[in-house]
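**Q** I would like the atomic coordinates for the input below:
(one chain, ligands or ions: 1)
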Amino acid sequence: MQEKDWSEEHLKKMIVEQRKHMWRDDTIEMYSKWMGLRQGMTVVDVGCGLGYLGWTFWKFFGDSGEYCGVDQSVSLLEEARSISEDWAHGGKASFQQGDAYELPFPDNFADWTMCQTLLMHLEFPEKALAEMVRVTKPGGLITCNEPDNISASGRVVHFSGMEISDEHIIQNHKMMLIWARGRKKLGHGDYSIAVKIPMMMHDLGLVEIDSRCNDTCNFVQPPYETPRQKNILEMTKKSFDEDEENNKRWQQEYREFFLAGGGSLSSFYRHKKRNDSTREEFRQVHKDQVENGTWHCCWGASSFFCIKGRKIQS
Ligand SMILES: C[S@@+](CC[C@H](N)C(=O)[O-])C[C@H]1O[C@@H](n2cnc3c(N)ncnc32)[C@H](O)[C@@H]1O
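**A** All right, here's what the predicted structure looks like:
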């Protein structure tokens, strides 16, 4: 299996853009109470990337606290270290290279061990979760922010000036199920891992298991009042100037996973033709609306979860 290198420009860009408005401030505040965060905690972030979870939760644990980011990518860690100079005040932030399957910490090290969009990319998520439990102190907290992207693919989207047919939604969802099966089979992880984590935590002996879902409703409409909507509008504008290289890369990966999931070449090409023509229609209908500020779109819930559990007191 060819592993993804998240420091590659197109992947890093995706992480940065998606995280600009991923969780709302008041949701994070509510979660910090729900998780029982306190100042001075020692925190491990597995697959930390640029350290997003660190700066997001810092004000709830960072006063005399310690954040330890671990990632396999040396180049992301370097960048994360440099960014942390802007947010890790009053406590300590460190970054080290390490493997989620073999964390570079002793047993019972952290008060809180967390990850975000890591388990969804791993071939053996249970093994990584077991490592997260190992390095957490008895009574300590384990949290996983992970999606259920397969369910999200079947949702109804409401656009200005264009109807997506029921048949299109059903076909898309069916293709997604096959694609995700292939993705998993090839060792790239479970695209709907979030719905399995509560039981994984139970099997690892965790207690106080609970799960919440990101409460953001995804919509954008004039007059584009919130920073989030402004950002979506900007990204949609950019998407009209398609990056051919990027598109080719996604198409290749799509085909590989779809075939591995048991899909046939003929249905892949049928689907591709239908999707290409929908994308072209989308471009034609929406480009002007986006330019003249009349575009609207609502695609509902985000299917992004935060699952928590506690290591039993020995
Ligand atoms: C989608 S990114 C998420 C980054 C960060 N958690 C965030 O939410 O911004 C996944 C990260 O996991 C890291 N990763 C993937 N497999 C890993 C492994 N086996 N051990 C350590 N890190 C890993 C990647 O390098 C990447 O930075």
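**Q** residues of the helix or strand hosting residue 218 that come out buried?
**A** In this structure, residue 218 sits in strand 217-220 according to DSSP states H and E. Neighbour counts over strand 217-220 (16 or more other CB atoms under 10 Å) mark 218, 220 as buried. Where you see a C-beta, it was placed from the backbone N, CA and C, and this is true even at glycine.
**Q** Ok, stretch 220-235 next?
**A** Those would be 220, 224, 228, 229, 232, 233, for stretch 220-235 by 16+ other CB under 10 Å.
**Q** Could you save those residues as a markdown table and add columns showing distance to residue 301, pLDDT and secondary structure?
**A** Converted to a markdown table, the buried residues of stretch 220-235 look like this (distance: CB to CB, whole Å; pLDDT from 0 to 100; DSSP: H, G, I helix; E, B strand; the rest coil):
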| residue | distance to residue 301 | pLDDT | secondary structure |
| --- | --- | --- | --- |
| 220 | 15 | 95 | strand |
| 224 | 21 | 96 | coil |
| 228 | 15 | 92 | helix |
| 229 | 17 | 95 | helix |
| 232 | 15 | 91 | helix |
| 233 | 20 | 92 | helix |
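**Q** now, among those, which is nearest to residue 136?
**A** Of all these, residue 228 has the smallest distance to residue 136: 32.9 Å, by CB to CB.
**Q** show me what contacts the closest one?
**A** Contact partners of residue 228, counting by CB atoms under 8 Å, 6 or more residues apart in numbering, are 20, 21, 216.
**Q** now with 10 Å?
**A** Applying CB atoms under 10 Å, 6 or more residues apart in numbering to residue 228 gives the contacts 20, 21, 22, 24, 216, 218, 219, 220.
**Q** excluding its backbone neighbours, what's nearest the fifth one?
**A** Think residue 216. The spatial neighbour of residue 216 that comes closest, neighbours along the chain excluded (CB to CB, 6 or more residues apart in numbering), is residue 302 at 5.3 Å.
**Q** Please work out how many residues are found near that neighbour.
**A** Neighbours of residue 302 under the rule other CB atoms under 10 Å: 18.
**Q** Next, the contact list for it, please.
**A** By CB under 10 Å, 6+ apart, the residues touching residue 302 are 22, 23, 147, 148, 149, 152, 213, 214, 215, 216, 217, 218.
**Q** May I see the ChimeraX selection of the buried members of those residues?
**A** Of the contacts of residue 302, the buried ones can be selected in ChimeraX as follows, counting by 16+ other CB under 10 Å:
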select :22,23,147,148,149,152,214,216,218
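**Q** In strands only, show me the contacts of residue 302.
**A** Judged by DSSP state E, the subset of these located in strands is 147, 213, 217, 218.
**Q** For the second one, list each beta-bridge partner.
**A** Which is residue 213. Per DSSP bridges, the residues bridged to residue 213 are residue 305.
**Q** I'd say it and residue 304 touch.
**A** Yes: judged on CB atoms under 10 Å, residue 213 makes contact with residue 304 at a distance of 6.9 Å.
**Q** Spit out the residues that contact those two alike.
**A** Here residue 213 and residue 304 have 147, 148, 194 as joint contacts, going by CB under 10 Å, 6+ apart.
**Q** list the contacts for whichever residue of the stretch 201-314 of the chain sits closest to the ligand?
**A** Shortest the stretch 201-314 of the chain-to-the ligand distance, computed as CB to the nearest ligand atom: residue-wise this is residue 304, at 10.7 Å. For residue 304, the contacting residues are 22-23, 116-117, 145-149, 152, 194, 212-216, by CB under 10 Å, 6+ apart.
**Q** ok, so of those residues, who is nearest residue 45?
**A** Once CB to CB is applied, the member of the contacts of residue 304 that ends up nearest residue 45 is residue 116, at 7.9 Å.
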